[in-house]
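Participant: the sequence isn't on hand, but the structure is:
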């Protein structure tokens, strides 16, 4: 069984939740074209990417066989340009349409699709913060994918605490800077898919203030515009549990003092520029939850229809007929639909000035909850396969391994929860949260969903005025409650316009999954003191 | 950081939940001796087992470097003999003490500890169903671990549906049988740890009835007692996602017509003998949930104490001080304690005639819920590590990969749930279930726990008279509810006798985890029709 892009589903969700006003034919052509590329060229490489992975050679990182050609097909098909402004060589389609394309590519080959996703981040940063010269030089090549982009934030001592980074940028007197420092966890930090790579690097200028206030963003090309190589060395590729098709590099900048970079935006504007990249990158990581959930569900459903085991009504039966297998598949379908609704709806707010608050409050939900769901669904996918699910050749295990990074990178889900109860609950003096609750309450029909919306409001209001530690202690269960409420609200909206199958999946979600979220209210209102009743040494 | 066996914790739980009447000094010596072996010799081999794994050679399966020596230390220390009757060369200690020893060995090296666990299964089967001659010949060598045992049930077309197996056993006229057939997923199906391996093989005699009624159990030594090799070939070793230290083999019996086996117990008594092996094996797989949960928690807590990231109260802070990290660690501790309580309590019922019903109803809970918890805790362990958790060298990922098989083998957790709502709810006309509810209700103190016990009774009674499909549709959420209720009940009992830390962890469990289980009641009472509202093709 091979992956088949859910084009009709994507189209329906876009129509109902995004309201794009794009020519239907145009949209269909985009979704179907992406499906063709993903199914025909990207999916067949997923396993070789997993088993062989990229290798570090004296000439840098080499991708496994077939990847260069598959990437070329992506560039030549113009798939990178979907969401880029026309002024910069793009097609100017909405962010959510680009997301639908990336969903398809990522379901086919999640690790590979990280290259385009990171390039999107670099494009966002340059579009918002680059000088006209920088935009003219770099954006058209990033838009096509002729060059790829990377994000260089993390250092060994600076992970979630970006402000602790130590990389330096020293003025060279000609407007450029000498960059020095080691960055870790750099996805597609090197590869041979393209002739050049645009590294976006956070670093400190001399005498910069400590913490996040003193950080600036620099553009460091792998190859300088004059064709000479820049002083950027690949130290190693990490041995990861999954996502092997994506080379995760340790990069050493300026070991020979010859790494030249240029400032993007103002000095000390690094965090702002990083958040530009990161906010949309968070949505795209949430999207990876959708990718893996869809792919794992398709694989498990196909297996369950084929695998004969046990009997029902007197004869041998495919396992899809057994109630508990059905429960798992129904849950996988429902959670996949929930993740897609959450992420597409959030992506649809990008670029809409009037929806800024909504986008801000939805972003941590989309990132954290959709990635949690991707993991849950991938695990159920293994379970449906039984013993075969644990055997690597089956492919279900790869989804499970690949998915596990998504609740960690681009801000751990714990960081997302902290963002929700910290900045987002109080956004616009709480009006952002109140508006979301109001919208959900106005539309919610199912009894458990109405109860969950009420519970979310109750808990959210309490957390708005709670002590900081109590707020953080409750943050994760609250994030899950609010995410399930929002998903239920969106799924109900889809079901009202949908067919019987959609109503059945939604009914399962509302009747069985929403009540589970109600069970989280106790944890979402428990005090932090309960977590500190043990000393650190006693864990 | 290395694994340190939780000897004091094991001892306390044994004292409170098992009531053994063993000399305290004797028990301490056993637990501490196992700790020494596990920490000193087994744990250091865990990573080499994972990265190199066993290899299939022309001479059979070869274990990685160091394993033979570590296994010899196990045999020479007499660790295999702990739970075996004295009449068969064992020490005759209770099953639950053996479980505590296996917990320690498995936390140190889960894949390796599967060899002893399977040998225990073979010992159980022979002790109950073997002839005096078979017992005299095989049990002493299995007891010491001089030989290991395997269980050969699964065939490509016969997994959960054991009755579909096709292996044959044809009488040779001298009381022995010629065995023919291919078995898959045979853990430690071959290795070089010992000179011989005792394969227990399910097969059909000529003209046997179809289904499970026609199955008999055979003993097939790798090397015959006269020293000649038996006709058993290792076809391949599976490429699994985890548990690499355990060679999972495809075995071909009798390809040359010369595989000789002997019947264990009566003809057609195979299923009964298999259940003897399997029931206790299920407890030991539940124990693997405890193993991985304990090891993952120790590793995550150590990392969280060391890793400095972000600030609290004005200065740099180890991440253990952050509320959401604390939440994860507290949850890991609480779920580990719950899994251990559930499994130890269940194991303590083995061999107690008056506790047969209790053992029967607890077995699916211990197997399914403890393995679910092992997976949850291992996943949280990765999350606590952040990006490092996804890097294989850290070791957190191995726990996560290793744990994933445990909800699958020895009867998938779905099969456990079916067993609970099928056979176990109606056991002794429902008296087994009623007695468990009564015990829990009599002792339960916390308000949410009392509510959960009530909910379990309500749901259980409903399922006792429900239509078969409705019962199966509800089985998994009901199993989780009942498992959480039983864990909470046992944790409360431990807390009454325990110190402040134990009370704190228990309070977290009762206040935050028990209410989540209440959220499952909707799913545990939903009709099967909701799962069949989609046709099989529409998933």
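Facilitator: Received the coordinates, thanks. Small disclaimer: the values here were computed from a predicted structure and weren't measured. Residues are numbered from 1 along each chain as shown, chains lettered A, B, ... in the order given.

Participant: buried ones in the lowest-mean-pLDDT helix or strand in chain A?
Facilitator: Within chain A, no helix or strand scores below strand A:308-312, which has a mean of 89 by mean pLDDT, DSSP states H and E. The neighbour-count check on strand A:308-312 (16 or more other CB atoms under 10 Å in any protein chain shown) flags A:309-310 as buried. For every residue, glycine as well, the C-beta is placed using N, CA and C.

Participant: likewise for stretch A:531-539?
Facilitator: For stretch A:531-539, a neighbour-count test (16+ other CB under 10 Å) marks A:531-534, A:536, A:539 as buried.

Participant: same question for stretch A:383-391.
Facilitator: Residues A:383-391 are the ones in stretch A:383-391 that count as buried (16+ other CB under 10 Å).

Participant: JSON lines for the residues you listed, including distance to chain B and pLDDT?
Facilitator: Output for the buried residues of stretch A:383-391, formatted as JSON lines (distance: CB to the nearest CB, whole Å; pLDDT from 0 to 100):
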{"residue": "A:383", "distance to chain B": "6", "pLDDT": "98"}
{"residue": "A:384", "distance to chain B": "9", "pLDDT": "98"}
{"residue": "A:385", "distance to chain B": "9", "pLDDT": "98"}
{"residue": "A:386", "distance to chain B": "6", "pLDDT": "97"}
{"residue": "A:387", "distance to chain B": "5", "pLDDT": "96"}
{"residue": "A:388", "distance to chain B": "8", "pLDDT": "97"}
{"residue": "A:389", "distance to chain B": "7", "pLDDT": "98"}
{"residue": "A:390", "distance to chain B": "5", "pLDDT": "98"}
{"residue": "A:391", "distance to chain B": "5", "pLDDT": "98"}
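
Participant: identify the residue nearest residue A:285 in space, chain neighbours excluded?
Facilitator: Nearest in space to residue A:285, with sequence neighbours left out and distances taken as CB to CB, 6 or more residues apart in numbering or on different chains, is residue A:410 at 4.5 Å.

Participant: wait, isn't the one you found in contact with residue A:278?
Facilitator: Yes. Assessed by CB atoms under 8 Å, residue A:410 is found in contact with residue A:278 at 6.4 Å.

Participant: coming back round to it: doesn't the residue nearest to residue A:285 lie inside a strand?
Facilitator: No. Counting by DSSP: H, G, I helix; E, B strand; the rest coil, residue A:410 is not part of a strand but coil.

Participant: for burial, what's the neighbour tally of it?
Facilitator: 27 (other CB atoms under 10 Å in any protein chain shown).

Participant: look up how far chain B lies from it.
Facilitator: 11 Å (CB to the nearest CB, to the nearest Å).

Participant: skip the chain neighbours and tell me the closest residue to the residue of the stretch 101-250 of chain A found nearest chain B.
Facilitator: Nearest residue of the stretch 101-250 of chain A to chain B: residue A:241, at 4.0 Å (CB to the nearest CB). Nearest residue to residue A:241, sequence neighbours excluded (CB to CB, 6+ apart): residue B:397, at 4.0 Å.

Participant: and the pLDDT for residue A:207?
Facilitator: The score at residue A:207 is 94. That number is its pLDDT.

Participant: residue A:445 in helix, strand or coil?
Facilitator: Taken by three-state DSSP, the conformation at residue A:445 corresponds to coil.

Participant: that older thread, the residue of the stretch 101-250 of chain A closest to chain B against residue A:401, yeah?
Facilitator: Yes. Residue A:241 lies in contact with residue A:401 (CB under 8 Å); the separation is 5.0 Å.

Participant: anything in contact with each of these two?
Facilitator: Residues touching both residue A:241 and residue A:401 (CB atoms under 8 Å, 6 or more residues apart in numbering or on different chains) are residue B:401.

Participant: is the spatially closest residue to residue A:533 that is not a sequence neighbour within a helix or a strand, and which one?
Facilitator: Spatial nearest neighbour of residue A:533, excluding adjacent residues (CB to CB, 6+ apart): residue B:504 at 3.5 Å. Using DSSP states H and E, residue B:504 sits within helix B:500-508.

Participant: what is that helix packed up against?
Facilitator: If you count contacts as 3 or more CB pairs under 8 Å, 6 or more residues apart in numbering or on different chains; DSSP states H and E, helix B:500-508 packs onto helix B:323-348, helix B:468-497.

Participant: how about stretch A:244-263: buried residues?
Facilitator: The neighbour-count check on stretch A:244-263 (16+ other CB under 10 Å) flags A:244-254, A:259-263 as buried.

Participant: restricted to strands, list those.
Facilitator: A:248-253, A:260-263 (DSSP state E).

Participant: now render the residues you listed as CSV, adding pLDDT and distance to chain B.
Facilitator: What follows is those, written out as CSV (pLDDT from 0 to 100; distance: CB to the nearest CB, whole Å):
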residue, pLDDT, distance to chain B
A:248, 98, 9
A:249, 98, 13
A:250, 98, 11
A:251, 98, 15
A:252, 98, 18
A:253, 98, 19
A:260, 98, 28
A:261, 98, 24
A:262, 98, 28
A:263, 98, 27
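
Participant: having no further points to raise, I will conclude here.
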